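*Asks:* Got a sequence here, can you model it:
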Amino acid sequence: MKIRVPILVAPLTIISLAVSAALAAAPAVTPAASPASSSRKANDELYVITANRTRKKLDETLSAVTVIERADIERSQARTLDELLVAVEGVAIARQGGIGQPTSVYLRGGESDHVLWMIDGVRIGSVTTGIPALQDLPLDTVERIEIVRGPRSSLYGADAMGGVVQIFTRRGGNGATSLRATTGSNGTRQLAAATGLGDDNAWLDLKVSHLETDGINSCLGRPFPPGGGCFTSEPDRDPYRNTSINVAAGVRTESGASVEAYAQRADARVAFDSSFLNQSDLINQAAGIKWIAEPAAGWRSTVTAGRSWDESTSFRNGSTTRSVFDSSRDSFSWQNELQLGGSGALMLGADWLRDRVASDVRYDRAARDNRAAFAQYSWAEGAQSLAVAARLDDNEQFASNATGSFAWGWRFANGVQAYASLGSALKAPSFNELYYPGFSNSQLDPEHAMTREFGFKQRLASARWSLSAYQTRVDDLIAFDVATFKPQNIAKAGLEGLEGSVEWQRGSWRLEQTLAWLSAEDRGSGANRGRELPRRPAWTGRTALSWAGEQIDVGASVQFASRRYDDLANTRRLGGYAVVELTGAWRLSARTELQLRLANALDRRYETATLYPALGREVFLTLRQRAPR
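*Replies:* As a prediction, this is how the structure comes out:
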């Protein structure tokens, strides 16, 4: 197996990673005071929930986890979720044009629908395509994002084959109000406001945002000869607009019990290039309620219920033709955490999920249910720790499926946490694959995978770092069979990779470095055996350096990806790229900040999907009024 390294970029990144690790190991220096800065420190102690379905220190988890907090989002000045996630090791992004266009996220080389997406514990995503409309999820309502890389089906069931991304919405405003206004290239206008009432024991929060852009020509396609893209020539701008609202409320009693509820809605309209329909109205909604209590000492019980909606209506101006695809997901979960004698803990729970679709296309079946029971035992004593999980899913479409995982960890005397894990996973077929008239197969089985992983992580006085290696074998991979024009469980895939990251902070300086290598191959018996899976670059990485002063912050970053292919036969090549970004901020007062962002500063032209151009150089100016701290 050849490991191809992009000329200059990857070697420099490897050198930077080594330098970062050396800096991380150096003695700490007390950081210069910067009271106005909202950024978290590189060595802050972080807690995560998604990795184990329970609160745990990030440095003690036996898995690869990345956390993006509100301070990171504001410092990045990102407009969309994919602009944030592209900086995470092991993540590859494919976007079909500018802001608001269809976006796919590939985690560790898996398919775009091999990732489970959640908002505050509620599953989201279209049940027809199997993925959510990520381009429509507003960042202004996000407090933190947890990205767990690696299989989590033993805790979450189907969809969590490659990992889990959970978004936690902002809440607990304590009467504070914040405002943000952005203007910039391609006619971009963005406004956001947030306010809240109450305190830590009872609260009500409201957040609204609006994003609008004139867009770019999303597709450079041509009607003939075929070669990918949109198969039409419409050299015009494709505008996008999105208006969102989020409401959250909660109450906490003296006994420690709490009830939280939230509702979120995003209304969007996007234009795109197509010879048939070329505009879509999109509505994405999610609502949930969570009850947490401790009925007895050592027993914590959590009940979560929610629903997500994904509605899409596509049309063409001047035509009465419409295409409607609406879907919903209802979910219910009961989870119990029991502290056992000694250093052990047991988790027992049950999940229920109902997927439904409503469309002007008549599906062979419009709904399906899934019931599941899961358990996890965790133990830690001295230097050792382990976590064992098992889950049984009973889906009315296909037979019951069991998944499991085992992870063992050892903490060395110098604080390095080492871990090794083995986990199985499954992915349920989407409604389109199972029931779409004429092009589906109701006899499909779930896709199955087995992953082996080992890694190291450490939090130091001025930094944190992590390194992991994994190997995944995917069986029963669903692929479209040209002989029958229907999907079949006929393909296999092999995924192998290495990931590393370092965060270092010394005084006013901060360095962030990620690097990932991936081999994603077709292991089936067909003509494409040994070829690379589409849209998965072998190398990805990012280097970011920033300086934070009393009143001024400046930063620069380089994001790169090596070449990739856009088809299974590896005939359509997408070139590698490196994108430079510059940011700056000037604090006018303790609450007011002026931000400047120069995206793709060198105006690099590239594509992550054939004939769909990425955004060129853009400039954005933001005025932010923060709530008092």
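
*Asks:* Neighbouring strands - and their directions - for the host helix or strand of V388?
*Replies:* Secondary-structure assignment from DSSP states H and E places V388 in strand 384-395. As defined by DSSP bridges, the strand partners of strand 384-395 come to strand 367-381 (antiparallel), strand 401-411 (antiparallel).

*Asks:* does Q513 have beta-bridge partners, and which?
*Replies:* Beta-bridge pairing of Q513, defined through DSSP bridges, involves V502, T543.

*Asks:* Wait, it touches V558, no?
*Replies:* No. Q513 is beyond contact range of V558, at 10.3 Å (criterion: CB atoms under 8 Å). C-beta: built from backbone N, CA, C; applies to glycine.

*Asks:* which stretches of the stretch 401-550 of the chain form strands?
*Replies:* Assigned by DSSP state E, counting those that start in this stretch, the stretch 401-550 of the chain shows strands spanning 401-411, 417-427, 447-459, 463-481, 486-506, 509-522, 539-548.

*Asks:* Now do the second one: distance to the chain's middle.
*Replies:* This means strand 417-427. Between the centre of strand 417-427 and the centre of its host chain there is 19 Å, according to CA atoms, centre = their mean, to the nearest Å.

*Asks:* now the angle from that strand to strand 463-481?
*Replies:* Orientation note: strand 417-427 sits at an angle of 20 degrees relative to strand 463-481 (axes from the mean of the first three to the mean of the last three CA atoms, to 10 degrees).

*Asks:* ditto for the shortest one
*Replies:* With the same axes, to 10 degrees as the criterion, the two stretches strand 539-548 and strand 463-481 enclose an angle of 140 degrees.

*Asks:* What residues sit buried inside strand 539-548?
*Replies:* Of the residues in strand 539-548, 539-546, 548 count as buried by neighbour count, 16 or more other CB atoms under 10 Å.

*Asks:* State the mean pLDDT of it.
*Replies:* If you average the pLDDT over strand 539-548, you get 97.

*Asks:* Now do the following helix or strand past it: distance to the chain's middle.
*Replies:* Sequence-wise, the next helix or strand downstream of strand 539-548 (DSSP H and E) is strand 552-561. The gap between where strand 552-561 is centred and where its chain is centred comes out at 21 Å by CA atoms, centre = their mean.

*Asks:* Let me know the next secondary structure element after strand 552-561.
*Replies:* Beyond strand 552-561 on the C-terminal side, the first helix or strand identified by DSSP H and E is strand 564-565.

*Asks:* Which strands and helices lie in contact with that following strand?
*Replies:* Secondary-structure packing of strand 564-565 (3 or more CB pairs under 8 Å, 6 or more residues apart in numbering; DSSP states H and E): strand 573-574.

*Asks:* Next, L84: phi, psi?
*Replies:* phi -80, psi -50 (degrees, to the nearest 10).

*Asks:* list the contacts for F272?
*Replies:* When contacts are counted by CB atoms under 8 Å, 6 or more residues apart in numbering, F272 is found next to 96-97, 101, 218-219, 230, 238, 278-280.

*Asks:* now do Y577
*Replies:* With the criterion set at CB under 8 Å, 6+ apart, Y577 makes contact with 560-561, 604, 606, 614.

*Asks:* follow-up on the earlier one: is it possible to get a markdown table of the strands paired with strand 384-395 that adds mean pLDDT, distance to T128 and mean neighbour count?
*Replies:* Putting these into a markdown table (pLDDT from 0 to 100; distance: least, CB to CB, whole Å; neighbours: other CB atoms under 10 Å) gives the following:
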| stretch | mean pLDDT | distance to T128 | mean neighbour count |
| --- | --- | --- | --- |
| strand 367-381 | 95 | 12 | 18 |
| strand 401-411 | 96 | 22 | 19 |
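
*Asks:* Could you measure from E74 over to F276?
*Replies:* As judged by CB to CB, to the nearest Å, E74 and F276 stand 40 Å apart.

*Asks:* correction: G415
*Replies:* 59 Å.

*Asks:* is A387 in a bridge, and if so with what?
*Replies:* Those that pair with A387 in a beta bridge, by DSSP bridges, are S378, A407.

*Asks:* For it, list the residues it contacts.
*Replies:* 52, 62, 376-379, 405-407.

*Asks:* now with 6 Å?
*Replies:* When contacts are counted by CB atoms under 6 Å, 6 or more residues apart in numbering, A387 touches 62, 378, 407.

*Asks:* tally of neighbours for the first one?
*Replies:* Which is L62. Burial measure for L62: 27 neighbouring residues, criterion other CB atoms under 10 Å.

*Asks:* Spit out the contact partners of it.
*Replies:* In this structure, L62 makes contact with 387, 407, 409, 419, judged by CB under 6 Å, 6+ apart.

*Asks:* Reformat the residues you listed as CSV; add distance to I245.
*Replies:* Converted to CSV, the contacts of L62 look like this (distance: CB to CB, whole Å):
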residue, distance to I245
A387, 38
A407, 40
G409, 42
Y419, 41
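
*Asks:* what stretches of this structure score poorly on pLDDT?
*Replies:* Segments of the chain classed as low confidence (criterion: pLDDT under 70) are 1-43, 172-175, 223-229, 481-485, 627-629.

*Asks:* Sweet, I'm off.
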